[in-house]
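Trainee: Only the shape, not the letters, is given here:
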């Protein structure tokens, strides 16, 4: 049920941002939903073979085990799949929102009492990311995609 609720919330946020109905135009769109899978290979096969989503990019840990994979639903929307860990049970992990200016969004949210971490650049994707938490503990990644970010490159290369 939580997964469905998060998906619906993401769709509403994305639609509001796209139509300019959001409080600020600094939230561009829903970028991804992240899930943890107990069987990473089976989940990956499901998203590619059954759903037909191309794998946009993937990362492996130093030992060769999977770290995460992004599957591209459309130009700007992805499903991120990660393996289950002791700290990350199966199911919904977080949602990722593309923002125009992560510093501005962080400032606005902090002014409204939201717990938000400081923005940093992802070593893997080169995207600027800050992590926020809703009052019930849902994690939201606020992501700014510069021209060198892997997300931006994949979105710009989208052909369907």
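Mentor: Done, it's in. Please read all numbers here as calculations on a predicted model, not as lab measurements. Numbering: from 1, shown residues only.

Trainee: May I have the strands that pair with the helix or strand hosting residue 31, each with its orientation?
Mentor: Residue 31 belongs to strand 27-37 when assigned by DSSP states H and E. Partner strands for strand 27-37, per DSSP bridges, with pairing direction: strand 77-83 (parallel), strand 91-99 (antiparallel).

Trainee: for the longest one, which positions count as buried?
Mentor: Looking back up the chat, that one is strand 91-99. Residues of strand 91-99 classed as buried: 92-99 (neighbour count, 16 or more other CB atoms under 10 Å). C-beta coordinates here come from the backbone N, C-alpha and C atoms, glycine included.

Trainee: residue contacts, the residue most central in space within the chain?
Mentor: Centroid check for the chain by CA atoms, centre = their mean gives residue 96 as the closest residue, at 2.9 Å. Residues in contact with residue 96 (CB atoms under 8 Å, 6 or more residues apart in numbering) are 30-34, 78, 80, 140-141, 143.

Trainee: Now those in TSV, please, with extra columns for neighbour count, pLDDT and distance to residue 41.
Mentor: Formatted as TSV, those follow (neighbours: other CB atoms under 10 Å; pLDDT from 0 to 100; distance: CB to CB, whole Å):
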residue	neighbour count	pLDDT	distance to residue 41
30	23	97	26
31	24	97	24
32	24	98	20
33	20	98	20
34	20	98	17
78	24	98	19
80	20	98	16
140	21	98	28
141	23	98	25
143	24	98	27
